[in-house]
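Q: output the structure for:
(2 chains)
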Amino acid sequence: MKIKKLNKKGGEKLLSVWWFFVLAVIGGGISLGVMIYYTADVNTNSIEADVLSNRIINCISDNGILKNEIFETGFDIFNFCNLDKKMFERGSFIYFNVSIFDQGDTVLNISAGDYSIEGDCRVSKKVYGKYFPKCSEKIRNLIYKDKILKLAILTGSNQKGGRIPIVK
Amino acid sequence: MVNKKGDTVVIETFVFIVFNLIFFFGMLVFVYTSGDQSFIYEQSYAKQIALLIDNAKPDTIVMVNVKDIKEFAEKNNKNLAEVFAIDNSINQVKVGLKKTGGYSYQYFSNYDVELKVNEDWLSIIIKNRIKS
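A: A predicted model of the protein is given here:
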């Protein structure tokens, strides 16, 4: 019976293919790691929502006392608080809702911006979503004409920023 | 009589080494070109300036030290004064460390903002917008 002795040449050729496969996996892993690192985004939406919230509170109240102007007819919160109305129009990345309650009754409600953020804010309390807006919810007890009113303010931001071709 | 086995072994080894060199050289080029951190600084400064504007009251000047991005601007042959720009019509802050572009971020305040660079300091001058 003739036994065919196999040489090692075929083995070397097979291994070289495997070697390139391993290189491709390592290279792919390194490239992926570098790309994940350099495409990482610093999300400041929660800070932005908080800034808006504090801005409105400080604007409509002074040392815990609500300002009289907010209950006047034709009160314009944008003018009063130096907010740009254009940034809160349709297609905006930001939202706010200001509600004032007098023992459960709503005495004032002002909201503007992307209204879908309000629903997303409620969802994001229970579910984590990387691309969900970041929200800030604050409740304050404020004095108005010897009465204590409750101020509830909800703000949210979903701004992503972006690359621009040229900086002028 | 010399056989051709030596020829094939040399050629195979040579091709193997060449493919390896191409791969590692390619990886080095990729990592080197990705190693530029300027886009991180562009993003961080654009957001920082926008948040400072939103947090400020009108008729305020805020000064930010920009020494750490000066070297990136110089490496890309860009004047530090050209790195920062503001578009008041759309409330946009733009920061670009390269000549090819930069990063933009918007602020929601109704202010007219002016940016001035003096040596290592960026002055953010915030004024009430003139209502038309």
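Q: going forward, measure contacts and count neighbours with C-alpha atoms only.
A: OK.
Q: residue contacts, A:Gly113?
A: Listed by CA atoms under 8 Å, 6 or more residues apart in numbering or on different chains, the contact set of A:Gly113 reads A:Met87, A:Phe88, A:Glu89, A:Arg90, A:Gly91, A:Ser92, A:Phe93, A:Ile94, A:Tyr95, A:Phe96.
Q: if you set the cut-off to 7 Å instead, what comes out?
A: Residues near A:Gly113 by CA atoms under 7 Å, 6 or more residues apart in numbering or on different chains: A:Phe88, A:Glu89, A:Arg90, A:Ser92, A:Ile94, A:Tyr95, A:Phe96.
Q: among the residues you listed, find the lowest-pLDDT one for me.
A: Note: of the contacts of A:Gly113, the lowest pLDDT belongs to A:Arg90, at 77.
Q: backbone torsions only: list them for that residue.
A: Phi and psi for A:Arg90, reported as degrees, to the nearest 10, are phi -60, psi 140.
Q: show me where the chain has its strands.
A: You didn't pick a chain, so chain A it is. A:61-62, A:65-66, A:94-102, A:105-113, A:134-144, A:147-157, A:162-164 (DSSP state E).
Q: oops, chain B please
A: Along chain B, counting by DSSP E, strands occupy B:60-65, B:84-87, B:92-98, B:101-106, B:111-118, B:121-128.
Q: any residue of the fourth one touching chain A?
A: Yes: part of strand B:101-106 sits close enough to chain A to count as contact by CA under 7 Å from any CA of the partner chain, namely B:Gly101, B:Gly102, B:Tyr103, B:Ser104, B:Tyr105.
Q: can you put these in TSV and add neighbour count and pLDDT?
A: Output for the residues of strand B:101-106 next to chain A, formatted as TSV (neighbours: other CA atoms under 10 Å in any protein chain shown; pLDDT from 0 to 100):
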residue	neighbour count	pLDDT
B:Gly101	19	84
B:Gly102	24	88
B:Tyr103	25	91
B:Ser104	25	93
B:Tyr105	24	94
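Q: just the closest of those to B:Val15, please.
A: Within these, the smallest distance to B:Val15 is 41.1 Å, found for B:Gly101 (CA to CA).
Q: my guess is the closest one contacts A:Pro165. True?
A: Yes: counting by CA atoms under 7 Å, B:Gly101 touches A:Pro165, with 4.2 Å between them.
Q: and the contacts of stretch B:117-132?
A: Residues outside stretch B:117-132 that contact it (CA under 7 Å, 6+ apart): B:58-67, B:81, B:110-116.
Q: if we use 6 Å, what do you get?
A: For stretch B:117-132, the external contacting residues (CA atoms under 6 Å, 6 or more residues apart in numbering or on different chains) are B:58-67, B:81, B:111-116.
Q: ok, of those residues, which come out buried?
A: Among the contacts of stretch B:117-132, those that count as buried by neighbour count (16 or more other CA atoms under 10 Å in any protein chain shown) are B:Pro58, B:Ile61, B:Met63, B:Val64, B:Val66, B:Tyr111, B:Asp112, B:Val113, B:Leu115, B:Lys116.
Q: which residues of chain A score low on pLDDT?
A: Residue ranges of chain A with pLDDT under 70: A:1-16, A:37-41, A:166-168.
Q: within range of chain B, give me the residues from chain A.
A: A:Asn82, A:Leu83, A:Asp84, A:Met87, A:Gly161, A:Gly162, A:Arg163, A:Ile164, A:Pro165, A:Ile166, A:Val167 (CA under 6 Å from any CA of the partner chain).
Q: quick one: contacts for the fourth one?
A: Contact criterion CA under 6 Å, 6+ apart gives B:Phe108 as the residues in contact with A:Met87.
Q: from A:Leu142, how far off is it?
A: To A:Leu142, A:Met87 is 28 Å away according to CA to CA, to the nearest Å.
Q: sweet, I'm off.
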